[in-house]
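In: 3D model of this:
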Amino acid sequence: MLEPLSPRALLVCALSAAPAWSGERADALQVGHFAEIKGALDEHGVFRAAEIAVLEPDDDAILGTVIERAENERFFLLGQEIHVDRDTRYKGVTLSSLAGARVKVEGDWHGARNFSASSVETRGPGRDRLTGRIDTLELRGDEVVFRVMSFEVRARAELEVECAAPLAAMKRAPARVVPVDEGGLDGPRLRQKEEERVPGRFQLAEALTLGAQLELNSDFEDERDLNRQRPGDRLTTELTAKVELVWTPTEDFLGVLSARETVAWEEDEDSGYWRGDSWTLKEGYGRWSNVLGKPLEIQVGRTFFDDQREWLYHRSLDGVSVRWEEPRYAVEVSASTVLDDGNEFDRNTNNLSTYVSNNDDDRHAALFVFHRDHDAEESYTIVGGRLYGKWIPTTKGWLDAALERGTLAGEDARGTAFDAGLTWMPDFAGPFNATVRYAYGSGDDSPGDGTTDTFRQSGFHNNNDKWGGVTPFHYYGEIVDPELANLGVFSFGVGAKFPGRTSLDLVVHHLELDHAADGLYRSRIKHQTDGIHPQIGREVDLIFGWRGSPNWQVEVVLGTFEPGAAFGDADASHLAALQLRFKF
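Out: Numbers count the residues shown, from 1 in each chain. Okay, here's the model as predicted:
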């Protein structure tokens with residue numbers, strides 16, 4: 001006896017102007033269709049479809065029986081690793097009582113080792129079920145073989161498909177721009193973060209989608225020169241339009257073309273009014289997967305390299321990268337440069353990087369080597385390791401550590417750096433969390449002796465990440481925003497993450513030079529230090545974030561910086577910033 005359609009499938013049919021369409025077969029399914037498949041896993045791990053319904057795109061979902069009890073906020077459903085957190089909603093079940101329960105999990109699929117659950121709800125007896133985008137599809141004899149999330153699904157070619165309209169007219173889900181298994185947090189070209197992702201909502205052709213985004217940034221900086229006696233206030237407003245084309249002609253090839261146009265206005269008390277615009281090719285690459293039938297991926301062109309904490313990368317680079325990915329590890333090697341849209345140093349520098357990880361985005365561990373070769377005066381290598389994620393229950397932590405060797409400004413380089421922090425999110429605290437962090441980049445106590453102990457970051461970094469909230473921020477201070485060089489930063493933060501994907505973070509930073517010097521490296525503060533005192537000062541930032549809509553994102557930052565002894569009798573600086581982002 002056939003089971004009835006799910007409530008969502010019935011709703012789609014009920015709202016349609018015509019009754020549920022009939023006569024469509026499984027061999028008419030296409031890549032991009034959002035399907036609900038009922039059936040069961042066979043002994044080979046293949047999901048055998050008994051019923052298929054094509055729906056409007058929505059959350060990914062899996063329905064089945066949990067075999068083992070949950071541990072460390074994880075459990076397995078039909079072999080898929082499910083991750084839960086304090087925002088996951090439960091109905092009829094708790095995390096501790098999941099073993100043996102038949103449940104439906106809804107959320108976002110991020111790879112074979114990470115399905116991020118937004119809700120877990122008990123269900124009665126019946127067939128197991130998968131709901132998600134069809135990412136690949138082919139006909140093999142009298143069967144249709146396709147992939148939904150991490151599952152290989154097989155259906156008889158003549159199996160009838162339920163839908164609210166002809167299959168050719170059904171809306172397609174946007175292509176997954178990330179690799180099929182995403183690679184988690186590893187590699188310098190991670191999955192696209194929420195702030196960077198542009199959903200391909202417009203289907204231009206069967207294998208071609210278009211996404212668009214508008215972003216408004218407005219910053220008011222008060223006394224960034226730390227001197228009220230001189231004009232130093234500045235108001236900057238930027239409006240950026242971004243478009244992204246994604247082409248997936250086959251299951252093993254992905255082409256991306258992403259460009260942005262920015263118009264900027266600036267009113268500066270010192271330099272006056274300025275207006276400008278710029279056009280940038282952010283990404284333009286082709287990626288070949290499953291090369292030679294192996295878990296090998298080759299990507300060529302301009303790629304936006306971006307690691308989770310932006311401690312190494314946040315930059316468009318031109319080159320080639322090769323990735324070998326297994327379930328328990330991944331290796332990525334890249335060679336790159338900057339052909340345009342960069343300063344003279346970047347355009348004349350070759351970059352090589354290697355990133356080896358455990359391929360786990362929930363408990364991430366990795367080793368990396370990053371080399372930049374400009375000339376005999378500037379050629380250096382950063383070697384380091386990284387831990388990130390939920391290694392301790394009710395916490396999220398990180399550790400980045402690195403050594404630097406080579407030549408910087410003609411001197412032998414031997415810098416060291418680390419950044420370690422922990423965000424505590426105990427159940428009894430409800431929406432509240434607390435974070436503590438210390439970061440250190442070594443300095444040089446004897447400048448000019450032919451050897452420098454000052455650590456320098458990659459030059460492609462941005463030092464921007466989330467702590468306990470929904471929006472990232474510059475974690476060495478929104479106002480000072482320095483490079484981690486000849487510097488120690490102790491930070492403490494408290495925050496709250498409310499329903500509706502809303503958060504508020506209050507963060508305090510205490511900054512001090514490793515060795516007294518006459519300035520900070522790459523800081524937004526336009527004031528020299530006195531070269532005698534190491535105390536940079538204290539910054540307090542308040543960050544509000546809202547991600548309650550799939551189309552809108554809002555961020556508001558208020559900050560104040562109180563200069564320390566290194567700036568002498570300097571005045572405080574203040575910042576107010578607004579960011580609005582709309583995704584079409």
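In: K91 against T122, yeah?
Out: Yes. Counting by CB atoms under 8 Å, K91 does reach T122; the two are 6.8 Å apart. All C-beta atoms are positioned from the backbone trio N, CA, C, and that covers glycine.
In: Compare these two (neighbour count), which wins?
Out: T122 (14 against 11; other CB atoms under 10 Å).
In: That one and R102 touch, don't they?
Out: Yes. The pair T122 / R102 is scored as a contact, 6.7 Å apart, by CB under 8 Å.
In: just checking, what packs against the helix or strand encompassing I543?
Out: Using DSSP states H and E, the element containing I543 is strand 535-546. Secondary-structure packing of strand 535-546 (3 or more CB pairs under 8 Å, 6 or more residues apart in numbering; DSSP states H and E): strand 502-513, strand 552-563.
In: can you redo those as CSV with mean neighbour count and distance to D135?
Out: Converted to CSV, these look like this (neighbours: other CB atoms under 10 Å; distance: least, CB to CB, whole Å):
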stretch, mean neighbour count, distance to D135
strand 502-513, 20, 32
strand 552-563, 19, 26
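In: To K282, which of those lies closest?
Out: Among those, the nearest to K282 by CB to CB is strand 552-563 (17.8 Å).
In: distance between the following helix or strand past the closest one and the chain's centre?
Out: Sequence order places strand 573-583 as the next helix or strand after strand 552-563, per DSSP H and E. With CA atoms, centre = their mean, to the nearest Å as the basis, strand 573-583 stands 19 Å off its chain's centre.
In: Same check on stretch 35-55?
Out: Mean-position distance between stretch 35-55 and its chain equals 31 Å (CA atoms, centre = their mean).
In: Which residue, other than its chain neighbours, is closest to A40?
Out: D128 (5.4 Å; CB to CB, 6 or more residues apart in numbering).
In: How about the one you found: which residues does it bridge to?
Out: The partner list for D128 in beta bridges (DSSP bridges) reads G39.
In: ok, it - contacts?
Out: Neighbouring residues of D128 by CB atoms under 8 Å, 6 or more residues apart in numbering: K38, G39, A40, L41, F47, L63, G64, T65, L78.
In: count of neighbours near L408?
Out: Neighbours of L408 using other CB under 10 Å come to 21.
In: and it, bridged to which residues?
Out: In beta-bridge terms (that is, DSSP bridges), L408 pairs with E411.
In: how far away is it from F418?
Out: 19 Å (CB to CB, to the nearest Å).
In: any idea where the helices of the stretch 201-350 of the chain begin and end?
Out: In the stretch 201-350 of the chain, the segments counted as helices under DSSP state H, counting those that start in this stretch are 344-347.
In: so where is it shaky, pLDDT-wise?
Out: Along the stretch 201-350 of the chain, segments meeting pLDDT under 70 are nowhere present.
In: residue boundaries of the strands in it?
Out: Secondary structure of the stretch 201-350 of the chain (DSSP state E, counting those that start in this stretch): strands located at 202-205, 208-222, 234-250, 253-268, 272-288, 296-306, 314-326, 329-337, 350-357.
In: quick one, what contacts V338?
Out: Shown here is V338, whose contacts under the criterion CB under 8 Å, 6+ apart are R315, S316, L317, D318, D346, R347, T349.
In: What count of nearby residues applies to the third one?
Out: L317 has 24 neighbouring residues, counting by other CB under 10 Å.
In: Quick check: closest non-adjacent residue to it.
Out: Nearest to L317 is S336, by CB to CB, 6+ apart, at 3.9 Å.
In: still on that earlier bit, now for the helices and strands packed on strand 535-546, which one comes closest to R154?
Out: strand 552-563 (39.3 Å).
In: Show me what stretch 212-227 is in contact with.
Out: Contacts for stretch 212-227 (CB under 8 Å, 6+ apart): 198, 202, 232-244, 479, 524-527, 563, 567, 570-584.
In: Give me the buried subset of those.
Out: 198, 232-240, 242-244, 479, 524-525, 527, 563, 567, 570-571, 573-575, 577, 579, 581, 583 (16 or more other CB atoms under 10 Å).
In: which phi and psi does S97 have?
Out: In terms of degrees, to the nearest 10, the main-chain angles of S97 are phi -110, psi 20.
In: gap between it and R224?
Out: From S97 to R224 the distance is 55 Å (CB to CB).
In: Which one's more surrounded, the two?
Out: R224 (21 against 14).
In: roughly how far apart are that one and H574?
Out: 9 Å.
In: Distance check, D530 against T454.
Out: Applying CB to CB to D530 and T454 gives a distance of 18 Å.
In: Among the two, which residue is more densely surrounded?
Out: The neighbour count for D530 versus T454, taken as other CB under 10 Å, is higher for T454 (25 against 13).
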